[in-house]
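Enquirer: Here is a sequence with its predicted model. Questions after.
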Amino acid sequence: MLALARGAEAKDMDTADHVGRVQRLSEVLAGSTGMDTQRASDVGWSAMLHDVGKLHVPDKILLKPGPLTAAEWKIMRKHTIWGAEILANGDGFEIARTRVNMMLIPGQVGRLTHVFREPGEYLLICHEYCGMGHHTMSGKVIVE
C-alpha cells in the first residue's frame with residue numbers, strides 16, 4: 001500500500017510527504033471520534049491512497065506551476081475516478097491489512113472466503129467515492 005501511495009506522490013515532488021501527513025492526520029481524526037487504536041490506524045493507512053488516481057493525470061496538468069484552467073480542473077477532478085479504478089475491479093469493500101477486495105452489487109448478498117493468519121479486528125471499508133454516501137460505510141471483521 002505504501003509503495004502505491006508513494007508512486008502516486010513521486011510524480012509531484014512539491015507534495016513533500018503528503019501521503020504521510022494524510023495518513024497521520026486521518027489516524028488522529030479517526031481516533032478523536034472514539035475509534036479504537038487499530039481501527040484508527042487502518043483508516044490512516046487506507047487514507048494514504050486517496051490520490052493514487054493522479055497517476056493518470058498528465059504531467060503538464062499535475063506539474064503546472066500556475067493556476068489550472070477550467071478544462072484542466074475537469075481532468076484533475078477525474079483522479080478520484082481513476083483511483084477507484086486502480087484500486088478495485090468494481091464497487092465494493094476491502095478489508096484493511098489484507099489482500100481482500102470484494103465486489104458488491106446493490107440488492108445482492110456478497111460472499112467471500114478468506115483465511116486470516118492473525119487474530120484481531122480488521123476494518124471493512126468502502127473503497128470507492130461515488131457521492132452517494134456509501135463511502136462513509138464501514139464495519140469490522142473480528143478474528144479470534
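Expert: In hand now; what should we look at?

Enquirer: looking at it, residue 61 is touching residue 76, isn't it?
Expert: Yes. Checked against Cβ atoms under 8 Å, the pair residue 61 and residue 76 is within contact range at 6.0 Å. The way it works is simple: take the backbone N, C-alpha and C, and place the C-beta from them, glycine included.

Enquirer: what are the pairing partners of the host helix or strand of residue 139, and which direction each?
Expert: In this assignment (DSSP states H and E), residue 139 forms part of strand 138-143. Note on strand 138-143: by DSSP bridges, its sheet partners are strand 120-126 (antiparallel).

Enquirer: Just the mean pLDDT for the strand it pairs with, thanks.
Expert: For strand 120-126, the mean per-residue pLDDT is 75.

Enquirer: What residues of it count as buried?
Expert: Neighbour-count burial for strand 120-126 flags 122-126 (criterion: 16 or more other Cβ atoms under 10 Å).

Enquirer: now swap in stretch 17-28 and tell me
Expert: 18-20, 22-23, 26-27.

Enquirer: Farthest pair within those residues?
Expert: Using Cβ to Cβ, these span at most 14.9 Å, a distance reached by 18 and 27.

Enquirer: SS state for residue 98?
Expert: coil (DSSP: H, G, I helix; E, B strand; the rest coil).

Enquirer: OK, contacts around it?
Expert: Neighbouring residues of residue 98 by Cβ atoms under 8 Å, 6 or more residues apart in numbering: 114, 116, 122.
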